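[1] Need the 3D shape of this:
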Amino acid sequence: MRHHIRTCSLATLAILALLTCASLCPAAAPKVGEKPKFSFKTIDGKLITPDTLKGRIVVFDFWATWCGPCMHEAPHMVKLNAEYAPKGVQIIGISMDQDAATATKTAKEHGLVWPQVWDGSGWHSTPATAWDVHAIPQVFVLSPDGVLLKDCDPTELDGVLAEIVKKYPTAGPLRARATDVLKEASKILADTKDPDNALAKLADIPDGVKPDSALTEAAQSFMNNLDDDKARAALAANTSAAKTLDALGAKPPAPKVAVAAAADAKPAGIPPQVLDARLAAAEKERAAGLDLDAYPKYKWIAEKAPDSPQAEAAAKQVAIYEADTAFLARQAKAKHEQEAAALLWEANGQENNGRVDAAKATYKKIVTNYKDTPSAGDAAKALARLR
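    Numbering: from 1, shown residues only. Next up is the predicted model:
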């Protein structure tokens with residue numbers, strides 16, 4: 001249990017700090033429901049900001065090597081990471097140690113493989129001061145869009161994460177990775193005409209991903225290409241791939257006769273209430289300065305329902321965004337980092353499930369193809385650890 005000390009009596013704190021790992025003076029902390037702003041650096045110099053973590057459920061874990069309760073919780077945190085990293089949860093350790101080498105060595109020895117923030121100032125460090133941390137262990141849990149959801153003790157995390165993962169099952173990087181896998185599988189099918197290999201590729205779709213409309217569309221596009229007897233037989237034999245496609249919302253392609261009969265049918269289109277909700281969400285995000293989130297929503301409306309009244313407003317905003325070269329560069333960088341983060345989660349899941357060779361291959365792919373992203377540094381460290 002954490003104990004909060006609200007006085008600055010040095011004599012009292014000198015005793016209690018040893019027992020409760022308490023610090024000296026509190027400060028104003030972010031409140032549950034707020035979007036805290038932060039800019040922290042990891043031991044290896046990587047920057048941690050809301051933008052670099054966007055799309056992930058984040059757990060900030062304040063700890064220290066000299067804190068008995070923290071080290072007692074270390075195996076528990078490792079277990080949680082193994083269970084929840086493949087589901088879109090990113091743990092960020094924040095070490096209160098004054099020596100980086102000690103923190104790094106202890107983290108490695110105890111399997112704390114996630115990034116570690118450290119600046120050597122202990123209780124006066126930037127994270128501890130900004131987040132009013134004056135007792136450890138302490139964890140903060142953020143939603144994929146950066147809202148502080150929980151401030152608690154790590155012993156409470158099992159129930160907290162189970163609930164949050166259910167509420168936020170569609171973390172962006174997981175969907176992005178699933179979409180990329182479907183594209184790769186479609187390419188295999190188009191290039192080799194081998195449905196068995198194409199369906200086998202679907203095993204790379206990360207666990208826990210839940211579809212949105214774009215992901216379901218990509219899955220259905222792949223499914224529609226399984227339109228001959230050989231492909232249908234391969235799908236029937238690969239029950240795992242069939243379940244994956246069904247979970248993503250894809251339905252078996254209609255028989256060719258039925259397709260021909262329906263060729264002249266007028267498409268039903270997207271319901272107006274769906275377009276209204278998507279446009280309202282985009283407008284809200286744009287007003288809040290979340291342009292990277294708003295842009296794909298506007299574009300989806302403009303492309304999927306070009307003849308709708310909502311598309312006129314959406315298309316105007318898309319044109320404004322796409323005329324801004326600086327924004328397009330930011331958008332491309334964010335997508336690049338999101339892809340790398342999704343691969344990193346996949347590699348973590350492979351490693352945690354004992355598929356070490358597959359994890360090494362994925363880590364190498366990140367280092368090679370995404371070397372300018374924060375995830376590349378994490379992947380390089382993982383490769384060094386697995387040698």
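[2] And the next helix or strand past the longest helix out of those in the chain?
    Ranked by residue count and defined by DSSP state H, the top helix of the chain is helix 325-352. Where DSSP states H and E defines the elements, the next helix or strand beyond helix 325-352 is helix 356-369.
[3] if we look at that next one, which residues are touching it?
    Helix 356-369 is contacted by residues 340, 343-344, 346-348, 350-351, 373, 375-376, 379-380, 382-383, 386 when judged by C-beta atoms under 8 Å, 6 or more residues apart in numbering. C-beta here means a position set from N, CA and C on the backbone, and glycine is covered the same way.
[4] Next SSE downstream of that helix?
    Once helix 356-369 ends, the next helix or strand along the chain (criterion: DSSP H and E) is helix 374-386.
[5] Lys316: what secondary structure?
    The three-state label given to Lys316 by DSSP: H, G, I helix; E, B strand; the rest coil is helix.
[6] And for it, the neighbour number?
    Neighbour count of Lys316, defined by other C-beta atoms under 10 Å: 11.
[7] ok so, going back, the longest helix of the chain - what's its average pLDDT?
    Helix 325-352 comes out with an average pLDDT of 81.
[8] In contact with the closest residue to Tyr84 other than its chain neighbours, which residues?
    By the measure of C-beta to C-beta, 6 or more residues apart in numbering, the closest residue to Tyr84 outside its immediate chain neighbours is Leu161, 5.4 Å from it. Residues in contact with Leu161, defined by C-beta under 8 Å, 6+ apart, are 57, 59, 80, 84, 89, 141.
[9] can you give me the offset of stretch 101-121 from its chain's centre?
    Taking C-alpha atoms, centre = their mean, to the nearest Å, one finds stretch 101-121 lying 22 Å from the centre of the chain it belongs to.
[10] Tell me which residues are up against that stretch.
    The contact list for stretch 101-121 (C-beta under 8 Å, 6+ apart) reads 40-43, 46, 48, 64-65, 71, 74-75, 77-78, 81, 90-95, 97-100, 125-128, 348, 374, 378, 381-382, 385.
[11] same thing with stretch 238-252?
    Applying C-beta under 8 Å, 6+ apart, the contact partners of stretch 238-252 are 178, 196, 199-200, 202-203, 205, 209, 211, 215-216, 219-220, 222-223, 226, 232, 235-236.
[12] which of those are buried?
    For the contacts of stretch 238-252, a neighbour count by 16 or more other C-beta atoms under 10 Å gives the buried set as 178, 196, 199-200, 202, 205, 209, 211, 215, 219-220, 222-223, 226, 235.
[13] Let me see the domain layout of the chain.
    For the chain, automatic domain parsing gives the domain ranges 10-167, 172-261, 272-323, 328-386.
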